[in-house]
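*Asks:* Curious how this folds, go ahead:
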Amino acid sequence: MLGPRGAKAKGATAERELAWILTEWALGAGIRIELFRNLEQTRSGGHDLVGTEKYGIAIEVKRVEATALPAWWRQAARQAAAVGCLPVLAWRQNRQPWRFRVHAYVWPCNDPLIIDMPADEFRKWFLSKIKVALPPSKE
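*Replies:* This is a model prediction of the structure:
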């Protein structure tokens, strides 16, 4: 069982891991992004990866064995609303791949649906979000 310091280190490692993954996905699509851990999150709250706000998303990262998806999603939604972004919840259990939860708008529903997806599907979602937020090219 991890103590408070071990759990904190596990969370920090997960945040760095996810920042690296997202950066690599973007580079693979020809987009340069910079993501960093939010070092103020413990003191002042807020989402976990700084740099995602310019793409209209706020990412909350969890790296634990026992899931608490409803509580985590409420936290992600609250933190995203505070910065005017869409919430993203990323979590990974031991020896499992990353999973992601997002809002999705599906016609004819007026309210967003909550969608859980594996990394390969989230990669498509994430890249579509950052491509839409790019400034027009100067051609």
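*Asks:* what comes up buried for the longest helix along the chain?
*Replies:* With secondary structure taken from DSSP state H, the chain has its longest helix at helix 4-28. If you call a residue buried by 16 or more other CB atoms under 10 Å, then helix 4-28 has these buried ones: 11, 14, 15, 18, 19, 21, 22, 23, 25, 26. Where you see a C-beta, it was placed from the backbone N, CA and C, and this is true even at glycine.
*Asks:* would you turn the residues you listed into a markdown table with distance to residue 74 and pLDDT?
*Replies:* Listed next are those as a markdown table, based on distance: CB to CB, whole Å; pLDDT from 0 to 100:
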| residue | distance to residue 74 | pLDDT |
| --- | --- | --- |
| 11 | 18 | 78 |
| 14 | 19 | 91 |
| 15 | 19 | 92 |
| 18 | 20 | 95 |
| 19 | 23 | 94 |
| 21 | 25 | 96 |
| 22 | 23 | 96 |
| 23 | 28 | 95 |
| 25 | 27 | 96 |
| 26 | 28 | 95 |
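*Asks:* I would like the residues contacting stretch 103-118, please.
*Replies:* With contacts defined as CB atoms under 8 Å, 6 or more residues apart in numbering, stretch 103-118 is touched by 73, 86, 87, 97, 98, 99, 100, 101, 102, 125.
*Asks:* tell me the SS of the residue lying closest to the last one once chain neighbours are set aside?
*Replies:* Distance criterion CB to CB, 6 or more residues apart in numbering; nearest residue to residue 125, sequence neighbours excluded, is residue 102 at 6.2 Å. Per DSSP: H, G, I helix; E, B strand; the rest coil, the secondary structure class of residue 102 is strand.
*Asks:* per-residue confidence at residue 102?
*Replies:* Reported pLDDT at residue 102 in the predicted model: 97.
*Asks:* Right, I'll call it a day here.
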